[in-house]
Every structure is written in structure tokens, then in C-alpha cells.
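A.B. asks: Pasting the sequence and the predicted coordinates here, then a few questions.
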Amino acid sequence: MTCDLSIIIVSWNVADLLRDCLRSIDENRGELDLEVIVVDSASSDDSVAMVQREFPWVTLLPCDENVGFPRGNNLGLAQANGRYLLLLNPDTVVLNDALSKMMAYIQENPGIGVLGSQLLNGDGTVQSSRRRFPTAATAFFESTWLETIAPKAIQEKYYAQDLPDDAINDVDWVMGACMLLPRQVVAEVGGLDEAYFMYSEELDWCRRIKDSGWRVVYYPEAQIIHYVGQSSDQAVVARHINFQQAKLRYFRKYNGRFFAILLRIFLLLNYSWQIVLEGGKGLLGHKRPLRRQRIQAYWQVIRSGLRPAGY
């Protein structure tokens, strides 16, 4: 049966945070006719039993493996009945009437393909959640050892730092922690690219949506608390690998094979250099257990080869 809004949450081993998220939805749903679909990626904690026990009104889709963010959301999208679709992270808390505000705004502005709320840190400060599309220069500076010496203009443009935090603005893409879309957009553009496992999938999706003529809008009137990285922090090496492979897939897809090869070589050299630095600090006796841990992690990243899926 069709409803106003389908909220899709992909969760992995964050039962306590998921509970808080679901409670916040229930407490702040207002008059919205909504459904919530939780896709559980083979959690080993109490997530599945907790949802079944405490939230019987939630549609639960338990998986027998960690399906990743894009595939998990696509599974949820396939089950959704809402006229509008909200992708929401399990490590979020909906504040006040955020859902009603987002729904009202996107319905008043039919050209919007993606609406992103303002994300807040746990202490209430504003979290950076809207971006412009990365350039070739961004690829070499963002999240590498060169980031601290990146030209200010590159950073400001990519992170949209020229836009006020409290102003509604068209942007290139918003963080996947909270993304509201009309069903029509998914019907036209398709779901997320499942060759990404985690990271860059919302960037890719927003680019495809904008290329199809839809707007992507940052909407700070609606606020969501986002406790960053609660799932990915459980697997640090995998986080490094997934992040860099996702970056390589994106740039291979939109900047070509040759550029992606150069970027891959640079990233592998970047991790090699980090090993040298950590080894030097360890020889000097500075936090040796930490240095050994980091060297082992970076070596595993290098051994992975950082070959993006799909190419």
C-alpha cells in the first residue's frame, strides 16, 4: 500500500544507535504516513532481535552477509512503497519536525531530485555535509598526506565553505547519512551503483541525478544528529581500502582509465610513505605500539592493491 514516505536504514552492528534512531523517527513522525525498512547486514550483535522485539512496526530485511551501503539501500528501495524515499544512517537521530519539514519543502519544489538535511555532531555543532563535485586536483589532496598543504581554494570549493551553514543552497552532492528523493528520480536514474561497497556511492548517485536534470539541495531547516563513522570504525583497515577503492572507481568512471591508474599509483605511494614515517617515529621511541599498529594497517592496504570493483 502506498504511503507518504519510506525510510530506509542499512545497519551493521550498531544496535544501540539503531534503537535511538528508530525511537527518534517514531517520536517525530508527526502526521506523516510513513514506513521504515531496516536492512541488516548480518550484524553479530543484538540488532535483529532488538528490532523485532522493540519495533514490530518496522519492516526488517535481515541479510546473511554484509551487503554494503549501496546494495543494502537498493534492497530497501525495492521493498519501499512511499511516494518519497529517505535514505537514513542508523547512527542518526531525527530532531523535532525534520521529517515533516523536508517533506513539505521537496513537495513545494518539484525540481528537487535530492534533498539533504543539515547534519549536526553529537555536541550540536554543524557537520560538513554538502559538497561540490571533486576535481582532478581534489583527488590527490583530499584524504591524503597532501591535504594539509592543499591550496585553500581547492578545499573551500570542494567543501562548499563559501556557502553559509544556515542557508538553503543548490549543491552538487550531499552526504548519504540523510537523503530524501522523490520515487520518480529512482525510477528514472536507477538505484545506487553496487560496485561501490561504502563511500562515494552518494557522490556518484547525486552526479547521475544532476546529469538527468534534477536539483540537489542542502536544506538546513531540517536537522539530524549524525554520529560519524560508527560502523566503519569497527574495521579500520577495511575503511581505508573501501574509501580509496571507491575514490578510484569514481575517478575511473568520470575521468578515465589513465587518470585512475595515475591516482592508484599515487595512493599506493602515499601509504608507502606513511609506513616510512611511522617506522621513523617508532625508531625514535614515540608510541611504538601505535606505530606498529598503523604500519600493519597501511601494509594491508598496499597488499590489497586498491583495485576498484567493476574495472
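C.D. replies: Received, thanks.
A.B. asks: how about the helices in this structure?
C.D. replies: Ranges of helices in the chain, per DSSP state H, are 15-27, 47-54, 69-79, 98-108, 136-141, 152-158, 183-189, 201-211, 236-255, 257-283, 288-304.
A.B. asks: right, so of the ones you listed, which gets closest to residue 62?
C.D. replies: helix 47-54 (5.2 Å; CB to CB). C-beta coordinates here come from the backbone N, C-alpha and C atoms, glycine included.
A.B. asks: Show me the contact partners of that closest one.
C.D. replies: Taking contacts as CB atoms under 8 Å, 6 or more residues apart in numbering, the residues outside helix 47-54 that touch it are 11-15, 18-19, 22, 38, 40, 58, 60, 62.
A.B. asks: Could you give me the ChimeraX selection string for whichever of the residues you listed are buried?
C.D. replies: Applied in ChimeraX, the following selects the buried portion of those according to 16 or more other CB atoms under 10 Å:
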select :11,12,13,14,15,18,19,22,38,40,58,60
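A.B. asks: Reformat the contacts of helix 47-54 as JSON lines; add pLDDT.
C.D. replies: Compiled in JSON lines, the contacts of helix 47-54 are given as follows (pLDDT from 0 to 100):
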{"residue": "11", "pLDDT": "95"}
{"residue": "12", "pLDDT": "93"}
{"residue": "13", "pLDDT": "93"}
{"residue": "14", "pLDDT": "94"}
{"residue": "15", "pLDDT": "95"}
{"residue": "18", "pLDDT": "97"}
{"residue": "19", "pLDDT": "97"}
{"residue": "22", "pLDDT": "98"}
{"residue": "38", "pLDDT": "98"}
{"residue": "40", "pLDDT": "96"}
{"residue": "58", "pLDDT": "97"}
{"residue": "60", "pLDDT": "97"}
{"residue": "62", "pLDDT": "95"}
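A.B. asks: Out of the contacts of helix 47-54, which comes closest to residue 255?
C.D. replies: Nearest member of the contacts of helix 47-54 to residue 255, counting by CB to CB, is residue 12, at 30.6 Å.
A.B. asks: isn't the closest one right up against residue 39?
C.D. replies: No. Assessed by CB atoms under 8 Å, residue 12 is found out of contact with residue 39, at 9.5 Å.
A.B. asks: returning to that earlier point: could the contacts of helix 47-54 be laid out in TSV, adding distance to residue 249?
C.D. replies: Putting the contacts of helix 47-54 into TSV (distance: CB to CB, whole Å) gives the following:
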residue	distance to residue 249
11	24
12	21
13	25
14	25
15	31
18	28
19	33
22	32
38	27
40	25
58	32
60	30
62	28
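A.B. asks: residue nearest the centroid of this structure?
C.D. replies: Nearest to the centroid of the C-alpha atoms of the chain, with distances taken as CA atoms, centre = their mean, sits residue 176, at 3.9 Å.
A.B. asks: Check the spacing between that residue and residue 13 real quick.
C.D. replies: From residue 176 across to residue 13, the span is 18 Å (CB to CB, to the nearest Å).
A.B. asks: Ok, residue 282 next?
C.D. replies: 31 Å.
A.B. asks: can you check residue 148 too?
C.D. replies: 32 Å.
A.B. asks: low pLDDT regions in the stretch 201-311 of the chain?
C.D. replies: 229-235, 309-311 (pLDDT under 70).
A.B. asks: rerun that using 80 as the cut-off
C.D. replies: 229-237, 282, 285-287, 308-311 (pLDDT under 80).
A.B. asks: and what of the stretch 1-150 of the chain?
C.D. replies: Those would be 143-148, if you go by pLDDT under 80 across the stretch 1-150 of the chain.
A.B. asks: Mind doing that once more with 50?
C.D. replies: Counting by pLDDT under 50, the stretch 1-150 of the chain contains no low-confidence range.
A.B. asks: who touches residue 139 in this structure?
C.D. replies: Going by CB under 8 Å, 6+ apart, residue 139 touches 247, 251, 255, 259, 263.
A.B. asks: Look at the closest residue to the first one other than its chain neighbours and report its pLDDT.
C.D. replies: Residue nearest to residue 247 in three dimensions, not counting chain neighbours: residue 200, with 6.1 Å by CB to CB, 6 or more residues apart in numbering. In this model, residue 200 is scored at 92, pLDDT.
A.B. asks: Would you mind listing the residues in contact with residue 200?
C.D. replies: Residues counted as contacts of residue 200 (CB under 8 Å, 6+ apart) are 246, 247, 249, 250.
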